[in-house]
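J.: pasting the structure only:
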């Protein structure tokens with residue numbers, strides 16, 4: 001949809017998503033790779049029978065993308081893992097995704 005957001009609003013959202021990776025307190029900080037401009041978003045979905053249910057499972061997810069429009073091998077990666085409850089939630093997915101990111105950027109020649 002054209003013009004759904006102003007360029008300023010889009011920049012604000014992207015800057016916030018960059019901080020998910022760059023800020024040491026960001027939920028996706030463990031996916032940070034030196035020299036690669038990334039932005040991301042984590043999340044956890046609770047799968048339960050009711051609001052009061054405490055025995056349900058959780059889906060953890062993480063999406064991450066490169067932010068440099070001039071990058072030769074840009075990337076958008078969306079990851080989801082079932083049953084991350086008691087395994088670190090979306091942080092578990094971030095850690096698994098970093099391995100994939102490192103391999104992708106190594107193969108693509110973006111990092112050594």
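T.: The structure has been received and is ready for your questions. Bear in mind that the values here come from a model prediction, so they are computed numbers and not experimental data.
J.: And for the longest helix anywhere in the chain, what's in contact with it?
T.: In the chain, assigned by DSSP state H, the helix with the most residues is helix 90-107. Here helix 90-107 makes contact (Cβ atoms under 8 Å, 6 or more residues apart in numbering) with 27-28, 30-31, 33, 36, 38, 40, 42-44, 60-62, 64, 73, 75, 77, 79-81, 84, 88, 111-112. Yep, even glycine has a C-beta here, placed from its N, CA and C like the rest.
J.: Could you work out the end-to-end span of stretch 52-68 for me?
T.: 44 Å (Cα to Cα, to the nearest Å).
J.: Go through it and flag the buried ones.
T.: 58, 59, 60, 61, 62, 63, 64, 65, 66 (16 or more other Cβ atoms under 10 Å).
J.: Now for residue 45, how many residues are close by?
T.: 15 (other Cβ atoms under 10 Å).
J.: Quick one: distance of stretch 66-73 to the chain centre.
T.: Remark: stretch 66-73 is offset 16 Å from the chain centroid, using Cα atoms, centre = their mean, to the nearest Å.
J.: Let me see the mean pLDDT of that stretch.
T.: Averaging pLDDT along stretch 66-73 yields 91.
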